[in-house]
Structures are given as structure tokens and as C-alpha cells.
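Undergrad: return atomic coordinates for the entry below.
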Amino acid sequence: MNPDPSQPDHLAAAVGAFAARTTLDDVPPEVLDRARHLVLDAVGLAFASTAYPFSGVAARALSAFGTGDQAVLGLPDRLPARDAAVLNGVLIHGMDFDDTHIPAVTHVSAAALPAALAAAVAAGADTRELLRAYVLGVEVSARVGIGGAGGFHDVGFHPTAVAGAFGAAVAAGTASGLDAATLTTAQGVVGSMSAGLLEFLADGAWTKRLHPGWAAMSGLTAAGFAAAGWTGPGAVYEGRFGLYNTHLAGRETRPEAVVDGLGERWELMRTAVKPYPVCHFVHAFADAALLLRPQIGDTAVTGIRCAIHPVPGKVVCEPPESKWAPRDEYDAKFSLPYVVATALLRGRFTLAELEDEALADREVLDLAQRVRVGEDPDSAFPAAYSGAIEIELADGRVLRHREQVNRGHDERPLSDDEIVAKYRGTIGRVAPDDVADRVQAAVLGLGDATPAADFAEACRGR
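TA: From the prediction side, this is the model:
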């Protein structure tokens, strides 16, 4: 007997029913407006990524499988739908400057947007359906991540790859016009594709950059198989061998978070836009260092103590050999000592602080060696990414500051104007003003019934 994924007591069925019945008119205007700004941030980052070597490597790898008719964000390439989604995910996430849903510890746009865009273009949909699919994909990605209760990182899974695959399946299925039962099946199918290892932290490998694009491709694949009549397990989230009981066996999980408050509480509004181009776990430390810096003056720093929750601590402090002496810009993005030392000495942390000249700055590297890290018993993780710093000075003073809630969090969000300013800064690294203007108008007009293919062309590199 084939499994019946539409059983109403299954979480995936509730998600499928919600996605199928939700129209753009059901989404509050403030959610749609924020969604457009999150997309703007993502597209600007995709353009900026084209200046980095990883973008060319990814484009060459995917073009080896053949060309297609779908546009790619920020590049002149044209690829088949699934390959375009992979490359768009790489470009959005490649600099690790993209948005993060804080409680889910998940980069939600980097998988949901490429999946929604590829499916909408393939289906001949318009930007109303594209925006709807993106919003629903973000909702599902965030909720699946929340269900992990902050545990995915602790066991070595990247939640963007894990949760993002489910969001991408719903985004792709929604943009393709699937009904509730088929959307439910798509979630069941994509559960077997939901994975992404954090082993890149050991040697700075590029695999993390691929995770959201692969999640987007998995979502498109799962939606396609479901539409063709494939079957998938109904209890993909909560079952004996479902997501939470396999990926987080024996740990506290909250599967009910996947459906809790669907349509009443929009998780998209809790998505944080990054003010710094580094791992979100160290943003509070960068802000704390910058706030303390004016008090240091010309006095020598003899020691720095940082307190962090042990789960994010594993990501930005281990292994110590690459965190206290980053080998490249990707190591530096995930290095608490480097970020703190750089912020204190340079008074900023921008993309320039990840270039070769900055990474070789002996004064920064020497100061990083004076950073010591301990556990933070008062951390708000995973609800927020806290950071506490103590700076010991040669004159005997000890400066202290705690950022309990990181900037960009929904309690301290970046304004829409700040997001636009960030966008102009990122896309401006590679594109002239007229291109930036064209893309901005297209993105902030999402939902105006323009064909999705025309939107993709407007955001394509020339």
C-alpha cells in the first residue's frame, strides 16, 4: 500500500494545505514590503559575489552540464532551471553576507529565492506568484530550522542546507501551481535530500557556499517528482525516521514549530539582515568592540576576553589553528578573534577587511593572539546571538560591554533605508548606477504582475 502523505495529523500535510490556500492577499502588506527588501539584499549580494573566484568556478562547473534558457543573477550565463537555482544560491550566500532567521539559525533567502525564481520562470508565472512562493519558502525554512531548537550546528549539520531544502520544495511547488496534496508529497520527497555538513570549518573548504543552491535544486527536484506522481513519506518531520529523529536523535526538538502559528505569525519578519560580511554569530562582538574602541585611545591592549554560547562557539572558535590565524577570507569570516581584533584596530568591518592586505596585517594577527574565549552562561542563543567582551589595558583599566541581542535581530532590525544603502554598496562594487537602479526598481516592484521571466532578465548580468 502506498503511503498517504495527506493525513491531516501529519505536519507536512498542514504545511501543504496552508501553502496551497494562501494567496498574496492573505499576506500582510508589511510582510510583503519586508520580503521585497530581503530580496533586494539577496540580489545585491549575488551581483557582488561575481567579483570573487568562487563564482567563476561554480559557473564553469554548472555550464559543463549544458546551457539553458534561465537567466542568472548578476551574470550573463544562461542555464537550465535547476542549475540556475544552484548558481543563484551560491551567489547569494557565497560571501556569507546574506540574511539569517535568528531562531532558526538559517539563511532563508539563499535557498527560497532561487527555487521560487527558477520554478516561476519555468511555469510562466508572474511576480505575484514569485513573491508568494518566496514568502512561503522563507516561512517553511524558518519553521523547520526553529524545530531543531538550535541543535543542527551542534551535531555538524548546516541548517541552511537542511531546513532550506524543505522551504525550497514549498517555494518551487507553490510557484509551479501544485495543490495541497502534491505540496505535501514534495516535502516528503525532499526530506531524503536534506543535508549539509559543517566539516568545511576544519579547512575552509567551499562546500558551505554550495549548500543553499543545492537545497534550492533539491526543492525543485522534489516538486517535479511530486507533480509527476512520485510518493513521499507523510511524517517526514515527526516520524520515527523523519527529519528530527534522524538528524537530531536524542536531542531536544520542537517539530510542532513547523506549523505553530502558520498564517498568524510571519517568521519572515524575524529575518535579520547582516550589517557585517561575516558569520552572524560574531556580529554582537564586532559591535561591542566598536563601541569600546573610543575608550581605548592610545593605550595598549594587553588582553581580550570574549564570552560566547558553546554551540556558536564551535563554529567561530574551532579549530583554533584556523581561528586565531585565518588562512584565507573564508576562515576570517568564521573567526571570532580576527573579527574582534580587526574591529578594534581598524574601527570598521567591511568587505575590505577580508581582502588579502587585511588578512596579512601583522598588527591585527598579533592582537588576535591576545583573545581568549570562554562560555557565556547568560547568552540568549538561539533566540539571539549574544556577545560579551572584556578588554584589559596597559594602564590597568578593564573595559566591558555586552550585546545581548545582535543588531539586525527582529528586536533591533535594520531599517528598509539601511537595507537599500547596503544593497547600493554591494551591487555598486561591480555594477554602474544605471544597473543598480534597474535592479532596484524590479525588486521593489515585485508583485506587480510582471512576468517572472522579465524580472529575471532585469536582474541578469549583461
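
Undergrad: what about the strands in the stretch 51-200 of the chain?
TA: Applying DSSP state E, counting those that start in this stretch to the stretch 51-200 of the chain gives strands spanning 70-72, 75-79, 100-101.

Undergrad: of all the ones you listed, which one is nearest residue 231?
TA: Across the strands of the stretch 51-200 of the chain, residue 231 has its closest neighbour in strand 70-72 (28.3 Å, Cβ to Cβ). Every C-beta, even on glycine, is put in place using the N, C-alpha and C of the backbone.

Undergrad: picking up where we left off before, so which of the strands of the stretch 51-200 of the chain is the most surrounded?
TA: strand 100-101 (a mean of 29; mean count of other Cβ atoms under 10 Å).

Undergrad: against which helices or strands is it packed?
TA: helix 127-147, strand 271-272 (3 or more Cβ pairs under 8 Å, 6 or more residues apart in numbering; DSSP states H and E).

Undergrad: from the ones you listed, which stretch is densest packed?
TA: helix 127-147 (a mean of 29).

Undergrad: packing partners of that helix?
TA: Against helix 127-147 (3+ Cβ pairs under 8 Å, 6+ apart) you get helix 11-21, helix 29-49, strand 100-101, helix 109-123, helix 159-175, helix 243-247, helix 452-458.

Undergrad: kindly format the C-alpha coordinates of that helix as PDB.
TA: The C-alpha trace of helix 127-147 is given here as PDB (Å, rounded to 0.1, in the frame of the first residue of the first chain):
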ATOM      1  CA  THR A 127       5.900  38.200 -10.000                       C
ATOM      2  CA  ARG A 128       2.800  37.900  -7.800                       C
ATOM      3  CA  GLU A 129       3.300  34.100  -7.800                       C
ATOM      4  CA  LEU A 130       7.000  34.600  -7.500                       C
ATOM      5  CA  LEU A 131       6.700  36.800  -4.400                       C
ATOM      6  CA  ARG A 132       4.100  34.400  -2.900                       C
ATOM      7  CA  ALA A 133       6.300  31.400  -3.400                       C
ATOM      8  CA  TYR A 134       9.300  33.200  -1.900                       C
ATOM      9  CA  VAL A 135       7.400  34.300   1.200                       C
ATOM     10  CA  LEU A 136       6.100  30.800   1.800                       C
ATOM     11  CA  GLY A 137       9.500  29.300   1.200                       C
ATOM     12  CA  VAL A 138      11.000  31.600   3.800                       C
ATOM     13  CA  GLU A 139       8.200  30.700   6.300                       C
ATOM     14  CA  VAL A 140       8.800  26.900   5.900                       C
ATOM     15  CA  SER A 141      12.600  27.200   6.000                       C
ATOM     16  CA  ALA A 142      12.400  29.300   9.200                       C
ATOM     17  CA  ARG A 143      10.000  27.000  10.900                       C
ATOM     18  CA  VAL A 144      11.900  23.800  10.100                       C
ATOM     19  CA  GLY A 145      15.000  25.400  11.500                       C
ATOM     20  CA  ILE A 146      13.200  26.500  14.600                       C
ATOM     21  CA  GLY A 147      12.100  23.000  15.200                       C
END
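
Undergrad: got the angle between that helix and helix 29-49?
TA: Here the directions of helix 127-147 and helix 29-49 differ by 90 degrees (axes from the mean of the first three to the mean of the last three Cα atoms, to 10 degrees).

Undergrad: what mean pLDDT does helix 127-147 have?
TA: The pLDDT scores in helix 127-147 average 98.

Undergrad: now swap in stretch 158-170 and tell me
TA: Confidence over stretch 158-170 (mean pLDDT, whole number) is 98.
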